[in-house]
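Sequence plus predicted model, see below.
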Amino acid sequence: MPADTLNQLLERASGFPETGLRFLDRRERESWASWYEIHRRAAAAGGSLRALGVGAGERVALIYPTGLDFFHAFFGILLAGAVPVPLYPPARFGRRDEYHNRTAAMLRAAGARLVLTSRHLERLLAETIAAARPDLGCRVLDGLPACEDGGEVAVEPSDLALVQFSSGTTVDPKPVALSHRAVLSQIQALNSFWPDDDHSGVSWLPLYHDMGLIGCVFPALERPGTLTLIGPEVFASRPAVWLRALSRYRATISVAPNFAYGLCADRIRDEELDGVDLGEWRIALNGAEPVAPSVLRAFQRRFARWGFRPQALTPVYGLSEATLAVTFSSIEDDFRGERFDREALAREGLARLANGNPEAGVELVSVGRPVPGTEIRITGEDGETLPPQRVGRVLARGPSIMDGYLGRPDLTAAALRDGWLDTGDLGFVHDGELFLTSRRKDVVILRGRNYLPAEIEQAVEDLDGAGKGAAVAVSWLPEGAPGERLMLFVELERGTPSDAAEGLPSACSRAVLAAIGLLPDEVVVVDPGTLPRTSSGKLRRRETLRRHLAGELREEGSAPKGPQHPAQGFNPVLRKGHG
C-alpha cells in the first residue's frame, strides 16, 4: 500500500531492518542505525514532545549537526503531529552576531514554539533563544519529560510536513510551507529516475538544506534503502572523504552543488585516492547553484583514471518553493553545453546559437526537462508566454509546489498565481530543455545591456590565487555617476603567495576583458571565507555589495574600514584594481 505521509514512510521502512543510515565521522569510522531503530526512538521523542505541551500542527525548530539525534528529533516532531523546521547550526558562521540575528528572525517567522538541539550547541544558542523567545524554550532530547505513551498522532496528506527556508540569495530567507502531499510527490518523482533497486547513496550535504534532506534522505526512506552520511564540515576540510566513501560502499548516487566538484578537482591529491574506484557512481547530480561547464569538464578529466564515467554528471535545477527538483538532465548521456551569441542575449534577450563564431558565444549548460508531473513556461514581464529561445521569467507548476510562505500571504500572492510559481530565475527553452541565465535580481546591467554574472565570475575562476567558485560580479550606480559600474569581488585562495595576491586584480581584469569584452571598474580581493553566503553555501551578490559599501567586508590584508560615502566608493585602496 503506498504511503501518503512521511510518518507512513518511516513506519513502512521500519519493517526493513537491514536498511537505514550509516554515519562516517572525521576519521571515517562508521556507525549505523536502522530505520526500525530510528522509528522506535522517534516515537519515544514524539510522546515526550506531547507531554511537554507541543500540539498538532505547531512548529518545532531543530538545530543539529549531521548525526542520529537530528533524525530522532525530526521524526519525533512528525510523530507528535507537529511540524519540524530544520535550521543550520552556529558552526557554519564565523560572524556570530549575524548568525544569532538571522536565526532568531527565522524562528519568529516560523512561529516555532520550541527549539531542539544537541547539548553541545545548547549553550551557543543562548543569545538566539533570548532574542526569539520561543514559548517552550530550547531543549535537548534527553531533557524532555518522560512519557509512557509512545503512540503517534495521525496526520493527513494535506497537513504541513515541514517548513524549510528559502536560501535567501537575493533577499532574506522566507519560510516555505510544504505539505506531506508535496513532499511525497517530490520523493516519488526523484525515485522514478532510478526505478531498479540496486542503488545506494552517499551525501555530505547539510540536513537543514532541501538537497540534503529531501533529495538524499527521503528517497532512501521511500525505497527503502541505506544512505551514507558525512558531515559537511568533514567534506569542506577533506573533500577526498566523499569520493572514498563512494568507492568504499559502491554507491551509485550522490549530489552536490557546482562548487563541490570544483573543490574536488582542485584540492584532492592523487595519494588520497589510493585504491579508490568510482566506476559504480552512475548518477552525480549537480544543482543548487549555477552549473559551470569548465568545472564539469575539469572533474571529468581529473577523476577519469579512477573510473569516473563522464556521463554520470547530471545538471539539475530546483528550489525550496518547489520542494526541490524542477528539471533533470538525462542520467544516461553526457551533460549538454551550448554556446549562445553573447550580443543577442545581451541586447535582445534572444538565445541564438553562436555556430559561426564560438569566441563570440557564452556557453550555458542545460538543466534538462521537467521532472514527472511538473510543467515549466517562460514569460515576459507582462506575463505572456514567450516562444523558445527567448529569455524570460521561469515559472513552474506541479504537485510539489509549496502551499505558500508561512504567515506571509503577501509574499505568497506575489510568488504563486493560478498554481504557477514564479521562481525568480531567468532562462529560456532550447530544444525542449531549460537553460538558466541568472537570478532576476542579480542581472548585471551596464550601458543598457544585460550580462550574466556567472559568466563574469567564471572568467576568473582558473586564475592562480583566485578561490574556486568564490567570485561575485555586481553592477552599481554610485550617486552622481553617469552610469552603472561593474564591480568584481574575488576571494583569495588559501596559501596564495603575496606576489600572486598583488597581481590578482590586474589578472582578473584581463581575464574578464578577454572572455566577455568588459573591463571591470573595480576588482576587490578579499580574504578566504569573507564573501557572504546563504545557509546552503550560495554566494549573496547584493549582500556582498551592501557590506562593501558599509565598510563591513574585510579586504585581503587589511582591517575592516568604516562606511564609504557612495561618491567615494571607488577610491583606490589596498588590493584593488581598476579598469
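Everything's here; your move.

And stretch 175-193, what's buried?
Burial within stretch 175-193, assessed by neighbour count using 16 or more other CB atoms under 10 Å, is assigned to 175-191, 193. For the C-beta atoms, the positions are set from N, CA and C on the backbone; glycine is no exception.

lowest-pLDDT helix or strand in the protein?
Every helix and strand in the chain was compared by mean pLDDT, DSSP states H and E; the lowest is strand 576-577, with a mean of 41.

ok, the residue nearest to Gly337 when sequence neighbours are not counted - contacts?
In space, Gly337 comes closest to Pro293 once its chain neighbours are excluded; the distance is 4.3 Å by CB to CB, 6 or more residues apart in numbering. For Pro293, the contact set (CB atoms under 8 Å, 6 or more residues apart in numbering) comprises Phe335, Gly337, Glu363, Leu364, Val365.

if we go to 7 Å?
Gly337, Glu363, Val365 (CB atoms under 7 Å, 6 or more residues apart in numbering).

PyMOL command for the buried members of those?
Of the contacts of Pro293, the buried ones go into a single PyMOL selection, burial set by 16+ other CB under 10 Å:
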select buried, resi 337+365
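
Quickly list what Gly337 is bridged to.
With DSSP bridges as the criterion, Gly337 is bridged to Val365.

and it, what pLDDT?
Turning to Gly337, the model gives it a pLDDT of 91.

repeat for Pro157
Predicted confidence (pLDDT) at Pro157: the value is 97.

ok, now the one 3 residues further on?
What the model reports as pLDDT for Leu160 is 97.

burial measure for it, as a count.
Neighbour count for Leu160, taken as other CB atoms under 10 Å: 20.

For the nearest residue in space to it that is not next to it in sequence, list the residues it contacts.
Closest residue in space to Leu160, ignoring its immediate chain neighbours: Val83 at 4.6 Å, by CB to CB, 6+ apart. Contacts here follow CB under 7 Å, 6+ apart; on that basis Val83 touches Gly57, Glu58, Arg59, Ile77, Leu160, Leu162, Val163.

In the stretch 251-400 of the chain, what residue spans correspond to strands?
253-256, 283-286, 313-318, 325-328, 337-341, 361-365, 369-370, 375-379, 392-397 (DSSP state E, counting those that start in this stretch).

right, so of the ones you listed, which gets closest to Glu491?
The closest of those to Glu491 is strand 253-256. By CB to CB, the value is 19.3 Å.

For the closest one, list the C-alpha coordinates in PDB.
Output in PDB follows, covering the C-alpha atoms of strand 253-256 (Å, rounded to 0.1, in the frame of the first residue of the first chain):
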ATOM      1  CA  ILE A 253      24.100   8.100  -6.500                       C
ATOM      2  CA  SER A 254      25.400  11.300  -5.000                       C
ATOM      3  CA  VAL A 255      24.500  15.000  -5.300                       C
ATOM      4  CA  ALA A 256      26.400  18.300  -4.700                       C
END
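
what helices or strands is it leaning on?
Under the contact criterion of 3 or more CB pairs under 7 Å, 6 or more residues apart in numbering; DSSP states H and E, the helices and strands touching strand 253-256 comprise strand 201-203, strand 283-286.

Contacts for the shortest one, please.
Identification of contacts with strand 201-203 by CB under 7 Å, 6+ apart yields 212, 216, 220, 227-229, 242, 245-246, 249, 251, 253-255.

Relative to the whole chain's centre, how far out is the very next helix or strand once past it?
Secondary structure here is assigned by DSSP states H and E; on that basis, the next helix or strand after strand 201-203 toward the C-terminus is helix 210-212. For helix 210-212, the distance from its own C-alpha centre to the chain's C-alpha centre is 7 Å (CA atoms, centre = their mean, to the nearest Å).

after helix 210-212 comes which helix or strand?
Along the chain past helix 210-212, the next helix or strand (assigned with DSSP H and E) turns out to be helix 218-222.

now what about that next one, what contacts it?
Helix 218-222 has contacts (CB under 7 Å, 6+ apart) with Leu9, Leu10, Ala13, Trp35, Val183, Ile187, Leu190, Asn191, Gly201, Thr226, Leu227.

do stretch 153-166 as well
When contacts are taken as CB under 7 Å, 6+ apart, the neighbours of stretch 153-166 outside the stretch itself are 4-7, 56-57, 59, 79-81, 83-86, 106, 110, 173-181, 183, 210, 320-321, 406.

now swap in stretch 125-145 and tell me
Contacts for stretch 125-145 (CB under 7 Å, 6+ apart): 45, 48-49, 51-53, 63, 69, 72-73, 90, 100, 103-104, 107-108, 112-119, 122.

Please list only the buried members of these.
Burial of these was assessed by neighbour count (16+ other CB under 10 Å); the buried members are 45, 48-49, 52, 63, 69, 72-73, 90, 100, 103-104, 107, 112-118, 122.

which ones among these are found in strands?
Here DSSP state E is the test, and the buried ones among the contacts of stretch 125-145 give Ile63, Ala112, Arg113, Leu114, Val115, Leu116, Thr117 as lying in strands.

quick check, nearest of those to Val525?
Ile63 (33.8 Å).

Beta-bridge partners for the closest one, please?
Leu87, Thr117.

Touching, it and Ala112? I think so.
No. Here Ile63 lies out of contact with Ala112, judged by CB atoms under 7 Å, at a distance of 10.3 Å.

Where does pLDDT dip in the stretch 151-300 of the chain?
Within the stretch 151-300 of the chain, the stretches falling below the threshold (pLDDT under 70) are 167-172, 195-197.

ranges for the helices of it?
Secondary structure of the stretch 151-300 of the chain, counting by DSSP state H, counting those that start in this stretch: helices at 180-191, 210-212, 218-222, 232-237, 240-248, 258-267, 293-303.

cool, the stretch 401-550 of the chain as well?
Going by DSSP H, counting those that start in this stretch, the stretch 401-550 of the chain shows helices at 409-415, 453-458, 498-516, 541-549.

Tell me which of these sits most buried.
Across the helices of the stretch 401-550 of the chain, averaging neighbours per residue (mean count of other CB atoms under 10 Å) puts helix 453-458 on top, at a mean of 24.

With just CA atoms, put it into CSV.
Extracted as CSV, the C-alpha positions of helix 453-458 are listed here (Å, rounded to 0.1, in the frame of the first residue of the first chain):
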residue,chain,number,x,y,z
PRO,A,453,27.0,37.5,-13.6
ALA,A,454,28.0,33.8,-13.6
GLU,A,455,29.9,34.3,-16.9
ILE,A,456,31.9,37.2,-15.5
GLU,A,457,32.6,35.2,-12.3
GLN,A,458,33.7,32.1,-14.2
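
ok, residues contacting it?
By CB under 7 Å, 6+ apart, the surrounding residues in contact with helix 453-458 are 290, 292, 294, 362, 438, 442, 444, 471-473, 488, 512, 516, 541.

As JSON lines, the residues you listed with distance to Val394 would be great.
Putting the contacts of helix 453-458 into JSON lines (distance: CB to CB, whole Å) gives the following:
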{"residue": "Pro290", "distance to Val394": "14"}
{"residue": "Ala292", "distance to Val394": "19"}
{"residue": "Ser294", "distance to Val394": "24"}
{"residue": "Val362", "distance to Val394": "18"}
{"residue": "Ser438", "distance to Val394": "11"}
{"residue": "Asp442", "distance to Val394": "14"}
{"residue": "Val444", "distance to Val394": "18"}
{"residue": "Ala471", "distance to Val394": "24"}
{"residue": "Val472", "distance to Val394": "22"}
{"residue": "Ala473", "distance to Val394": "21"}
{"residue": "Leu488", "distance to Val394": "26"}
{"residue": "Val512", "distance to Val394": "26"}
{"residue": "Ile516", "distance to Val394": "23"}
{"residue": "Arg541", "distance to Val394": "18"}
